[in-house]
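got a predicted model here, sequence first, then my questions.
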Amino acid sequence: MSSRPFSRLKPIVISLSLAGIVPFYALPVVAETVLSEVQQFNIPAGNLDQVLNHFGLEAGLELYLDGSLIQGQTSHGLNGQYSALEGLRTLLQGTGLTAIQQADGAYRIGSPDDIYQDNNLAGSVQLDAIDVTGKSFAFTRDEQGYNDVFDKNISNTFAGKKELERFKGSSPADMLSGMLNVYSSDARNSGGLDPNIRGIQGPGRVPVTIDGTEQAITIWRGYNGANNRSYIDPNLIGSVQVLKGPNLERDVHSGIGGAVVASTLTVDDVLKPGEVFGGELKVEGSNNAVTADVPRLSTGTPYTDIPGFTASGDIYDPTLLVEPHSGGQSYWDDYAYRLAISTRQDFFDLMGAYAYRKKGNHFSGKHEDGFYSQGSENIQENLVPNLANVYKPGDELPNTSSEMESWLAKATVKFSDNHNLKFGYRETDTTYGEIFPSRILWDKAVDDGVPQWPLSTVDSKAYNVEYQFNPENNQWVDLYASVWRTDTVSNTYTAGGYPNEPYDRETSGDHRLINTGLRNAIEKRNGLTLSNTFSLSNNLDLTLGGRYQHEQLRSDDDYDDPNLQRFFRMVPKEGRRQEKDFNFNFAWKPTSVINIDAGMRYSSFWTFDDFRKSRLDAGDTNFTRYTPITGQTIHYDYDYTLTQDDVQPAIDNFEANRAFYEMFGADVDALIQAELDKVGSTTTMSESAVWEKNSNGKYSRENHPCLNAEVEITACHNGIRQTGDVQTVQKVKHLKGDGWAPIFSAALDLPNDSRVYARHSQAYRFPSLFENTISFSASLPSPDFQLKPEHIYSYELGYVQNLTRWVAAEYADLKLSYFYNRTENVIERDPNMNFSNLEKQTIEGVEFQGRYDTGRFFTNLSLAYNFRNEVCDEHSAVMLDYLSTSDCVDDGFVGGYLVSMAMPEYTASWTLGGRFLKRKLEVGSRVTYYYKHEDKFDSNYRDPSEITYFANTPLSWDTILLFDAYASYQLNDDLNIELTGTNLTNEYYLDPMSRSAIPAPGRTVKLSLTAKF
């Protein structure tokens, strides 16, 4: 039984012929009585193969056709009432082709000479038919991916090879542009992907896999939070599918937010159908980029020898300042090329590819910069209103260059059509610009500009072996196994220091400059994926799966090196993490219109802090001892009305010592009267109390001194923290966790090609190495503190409609979905800069996806309305605002990471285009819209002025409206030329969820040439 709950196609049979290179494809077959029945056909014009495909599906005919004979032929389509045979004859008129019925009842289409020479394909061996229910010969990998957007009972989005290469933009993050409710944080200053799906983002929440391999490392961004980076070269990627929400998709590593599944180029991307050997060369160049003027480091030079160098406070380094270029349309320092060579043999496939891209610093847009130039009283606290005053519209943007060099090798051993072994190797060397956001002196940047820092480097390698075995006529074996490894070495300017920092800032000390900004990280991951599908009956399948991953993070940075021991520099992160899961899923089709999937996943993990262990072994008391925080001193004032009892002690004192006071000339009666006059007056009293944490280590309203005092408080503020006894760490422990999570979905096929479905899915997200090891900007409250795993409860309702029976189109679909995600025990940084579990986060919204394609004209529309993003936690709420009546705020709490992950409330993407000159020419446009970000701090807190902004303040963006366009022309079968323009209105804007306050590129024009040989 097919586990697909819904398909736009009936079961299709493919039969291959060894008579020639090009396979003979087949279309559906039904009972003989259908052949004479008259039907209404409304098949639009298009390529002959597509028209015949459409006709075969509607008529129920099994058609064998040689793709080489119909290549390039077009058809006027078929409109009217015909029997199946009459319709077939009509479509073949004028094509030079004929059809003849074979012994098996199918119809073979070909030239008359070949057809009548021998009805049994003389000189060839016809293979048995292969049942590939739900997949048509016309559906390539990319076509299938776009169909899955509407065919799967889970929200997803997809980008194929052409779309990725057309709109790959200036950085890897642009791969996700145009995908509905999918974003990448810090797109212009990171060199990698940090996916955000429906507002869920971060390590382990949205895994990124490339050919089943996984690599990611969390990077500290100072006052601007953190990023989880997956390094990827878009030039090697053939497709990207994004699954939204937890799922049990086979062999997919999904987090609580979903999954980003990328596949590299394949033999089919390089070779034409039937080709045995060939290659593809792609060359492209873009404007709006200029070679970065990267300064030389001054390591070893006394800072006193550098005029203007300021060592006190925030370092001012004139050696890193450059004069930005302007006029990006005249600079073309962005070029790329890729060469891929492949061979397709009977028993093996081979492919190798080399890709290179060098891009300079890009230029910002020139228009619509008002939101970013309005100014702010304190530029250090609110950067965005001064962004265009720092980065002038149309100017070069420092620290945005990149250079990528990649290699890809693949091999497939084909034991049979259903039995193969695949090998893959991928390597990418990346050099890119970035600057630590906290090291930009924004108040001086208005006049002096932003420094150009040295470049970061990343070297990543990936290895994978895949085994697939699905023997025919064996209901018990449909096996997949994968073993993989990734090695990543990065040297990035993310340590927290400066490229040029004095060894000693004192005027009488060592003045030589050292590099404290560079961080080394070495990440290794090993993984295993295994699954098998059992066909228990004609309508019930069972899939069993398992996954194992081991991660190790270490650094060549020496903690004991005195050059690296600086206040603002983070300690080296070193640790290990292991995660395993086992899952099962039943796919049941009780009736022809109902599909039910039900399964569960068991997951477990452990982490170990190797750096803490090394410091423990070294006897370093900075890491072997800690003082737990037990509470907070609270100072409060209140008004008090004095009574006789309050003044009586003073009166008694005056009376008892009257002689003494009068000896010094005091009027004791007057003093006594002054005390009596105080009775009934009001005075301000000040007291202090300790606000103690509860048994869970959190603060609560129920014991807050200002909320539980017996007097009316007039002022309340925090004092010093209260600590317990010094604790000694005897042993570094493994931090562990596990849990079961169910997933259930049901779909109902309705009349007229429509469908409704409902999903409920749960998943756990266990703490990452970033969260469970020593950090700079955040840490665990104690070395043995056990974070709870995040637990998401996800709900989705969907309605899907296939409109092709009512409109003349090859594709016409729409999908409307509602989602509700509630995540409990969210791991987050609290106002004390400790990692803790927030009570819950709730995100809710609706999405619309639609497409319409007649073959000549096409359009795609995606819309999203995200109407709820609520974060609740009493501990955080009462710490930030003790008088708050609600535990919930919009987007997230000040100082946490969630607040910078908030997605736009409204977003839209619209593509419109057409194909002309027998589909040789394609022109299209894309419009992208993001609603402006509205700072929630004013509404979240009674007095926002009391909230510190030096703790991951979200960078707001204005409403964004982008226009892109392209024209692609197929010069001949082997040569294609394409012109693409992005941000055509040259808008000045900041990407949603940016962490580094660097504007996006302005108008950019790209010319590309693709040649096959």
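Happy to help now that I have it.

state the distance from the spatially most central residue of the chain to Met175.
Against the mean C-alpha coordinate of the chain, by C-alpha atoms, centre = their mean, the closest residue is Pro195 at 0.9 Å. Going from Pro195 to Met175 by C-beta to C-beta, to the nearest Å gives 10 Å. The C-beta positions use only the backbone N, C-alpha and C, and glycine is treated the same way.

residues shared between the contacts of the two?
When C-beta atoms under 8 Å, 6 or more residues apart in numbering defines a contact, the residues bordering Pro195 and Met175 alike are Ser184.

what residues does stretch 799-809 touch?
With C-beta under 8 Å, 6+ apart as the criterion, stretch 799-809 contacts 6, 8, 42-44, 77, 79, 150, 752-757, 810-817, 852-855.

just checking, Ser686 touches Ile634?
No. In this structure, Ser686 is not within contact of Ile634 by C-beta atoms under 8 Å, at 11.4 Å.

more neighbours: these two, which one.
More crowded of Ser686 and Ile634, by other C-beta atoms under 10 Å: Ile634, with 21 against 10.

still on that earlier bit, mind telling me what element the closest residue to the residue nearest to the centre of the chain other than its chain neighbours is part of?
Nearest non-adjacent residue to Pro195, counting by C-beta to C-beta, 6 or more residues apart in numbering: Val206, 4.5 Å away. Val206 belongs to no helix or strand when assigned by DSSP states H and E.

number of residues surrounding Val206?
Residues near Val206, counting by other C-beta under 10 Å: 29.

could you check how far it is from Ser177?
Distance, Val206 to Ser177, using C-beta to C-beta: 16 Å.

would you map the strands across the stretch 401-550 of the chain?
Taking DSSP state E, counting those that start in this stretch, the strands of the stretch 401-550 of the chain run over residues 402-416, 419-433, 455-469, 479-492, 501-502, 513-514, 519-537, 540-554.

tell me which strands and helices the first one is in contact with?
Right, strand 402-416. On a contact count with 3 or more C-beta pairs under 8 Å, 6 or more residues apart in numbering; DSSP states H and E, strand 402-416 meets strand 348-359, strand 419-433.

turn those strands into CSV, including mean pLDDT, distance to Lys524 and mean neighbour count.
Formatted as CSV, these follow (pLDDT from 0 to 100; distance: least, C-beta to C-beta, whole Å; neighbours: other C-beta atoms under 10 Å):
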stretch, mean pLDDT, distance to Lys524, mean neighbour count
strand 348-359, 98, 24, 19
strand 419-433, 97, 15, 19
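
any chance of CSV for those strands, columns distance to Lys932?
Formatted as CSV, the helices and strands packed on strand 402-416 follow (distance: least, C-beta to C-beta, whole Å):
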stretch, distance to Lys932
strand 348-359, 29
strand 419-433, 28
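
of these, give the one that comes closest to Ile232.
Of all those, it is strand 419-433 that lies closest to Ile232, at 7.7 Å by C-beta to C-beta.

how distant is the closest one from the center of its chain?
20 Å (C-alpha atoms, centre = their mean, to the nearest Å).

strand partners (parallel or antiparallel) of that strand?
Here strand 419-433 has these sheet partners by DSSP bridges: strand 402-416 (antiparallel), strand 455-469 (antiparallel).

alright, that wraps it up for me.
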